[in-house]
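Colleague: sequence first, predicted coordinates after that:
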Amino acid sequence: MSKKLNALMLAGLIGLLIVAIGLSFLFGIDNPVSWILILVLIGIVFLYRRSAERRQLKWKPEYSVGVATLDEDHKKLIDLLNKFQTAYEHETGDEFERQALNELIDYTKYHFDREEQLMEDNGYPDLDAHKRKHVEMIDQVDQFVADYNKRGHEALESVADFLKGWLINHINGTDKQYGPYLNSKGVS
């Protein structure tokens, strides 16, 4: 079932509940049916919000690379990724989707430059390999953007899935490797 149909069905259900609540209050404020329907309506909203939150990435202490500025960058990247995912999942329109995607890509490039400069300034021995990982990721994202420019919204699911998996794997993989080295150089 498509997301639009699901959203339409949910909106219809909420609308019906609101009408039913209004009608049941015609039989008096002490009518238990009214209050039960209100609880059902609140439950639906609560469950929907909880479901949406579960799909969002959350920063965890184990993601820390031990360098405060880079951890802050990673937190910001997670936040931007969540914004992008929200734009995609709720089909907010081309302008908002494109803005969220561009913000995420621009900040990712900024972060990569900052990370690479910090590694270069401190003589990180595996800098070239790390840079290659960054170039590969940007190349992949450029391909996704080209696909998005051709196919529109439908191309975004693969972008969201790729970025979510890549970011966490990269932080927990190659980024974790430079943390102890930079810490040994006095960077924390």
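Modeller: Yep, it's here. None of these values were measured; they are calculated from a predicted model.
Colleague: any chance you could list what contacts stretch 175-184?
Modeller: Applying CB atoms under 8 Å, 6 or more residues apart in numbering, the contact partners of stretch 175-184 are 64-67, 70, 74, 115, 118-119, 122, 124-126, 130, 188. Where you see a C-beta, it was placed from the backbone N, CA and C, and this is true even at glycine.
Colleague: stretch 26-35 too?
Modeller: Ile21, Ser24, Phe25.
Colleague: out of the residues you listed, which is nearest to Ala155?
Modeller: Proximity of the contacts of stretch 26-35 to Ala155 (CB to CB) peaks at Ile21, which lies at 40.9 Å.
Colleague: about what we covered before: can you flag the buried ones in the contacts of stretch 175-184?
Modeller: With burial judged by 16 or more other CB atoms under 10 Å, the buried subset of these is Ser64, Val65, Gly66, Val67, Leu70, His74, Glu115, Leu118, Met119, Tyr124, His130.
Colleague: among those, which ones are in helices?
Modeller: Taking DSSP state H, the ones among those that sit in helices are Leu70, His74, Glu115, Leu118, Met119, His130.
Colleague: tell me the contacts of the first one?
Modeller: Counting by CB under 8 Å, 6+ apart, Leu70 makes contact with His111, Arg114, Glu115, Leu118, Asp175.
Colleague: would you point out the most distant pair within those?
Modeller: Arg114 and Asp175 (12.4 Å).
Colleague: of these two, which one has the most company?
Modeller: Asp175 (22 against 13; other CB atoms under 10 Å).
Colleague: report the secondary structure state of that one.
Modeller: At Asp175 the chain is in helix, as set by DSSP: H, G, I helix; E, B strand; the rest coil.
Colleague: thinking Lys164 is in contact with Leu57, fair?
Modeller: Yes: Lys164 is within contact range of Leu57, at 6.3 Å (criterion: CB atoms under 8 Å).
Colleague: any residues in contact with both of those two?
Modeller: Leu81.
Colleague: domain ranges for the protein?
Modeller: 3-54, 61-184 (automatic domain parsing).
Colleague: got any ranges where the chain has weak pLDDT?
Modeller: 1-7, 52 (pLDDT under 70).
Colleague: distance check, the residue nearest the centre of the chain against Glu116.
Modeller: A centroid search over the chain (CA atoms, centre = their mean) returns Asn82, at 2.0 Å, as the residue closest to the centre. In this view, Asn82 and Glu116 are 25 Å apart by CB to CB, to the nearest Å.
Colleague: same question for His90.
Modeller: 34 Å.
Colleague: neighbour-wise, which of those two wins?
Modeller: For His90 versus Glu116, neighbours defined as other CB under 10 Å are more numerous around Glu116 (16 against 13).
Colleague: need the contact list for the more buried one.
Modeller: Leu127, His130, Lys131, His134.
Colleague: buried subset of the residues you listed?
Modeller: His130, His134.
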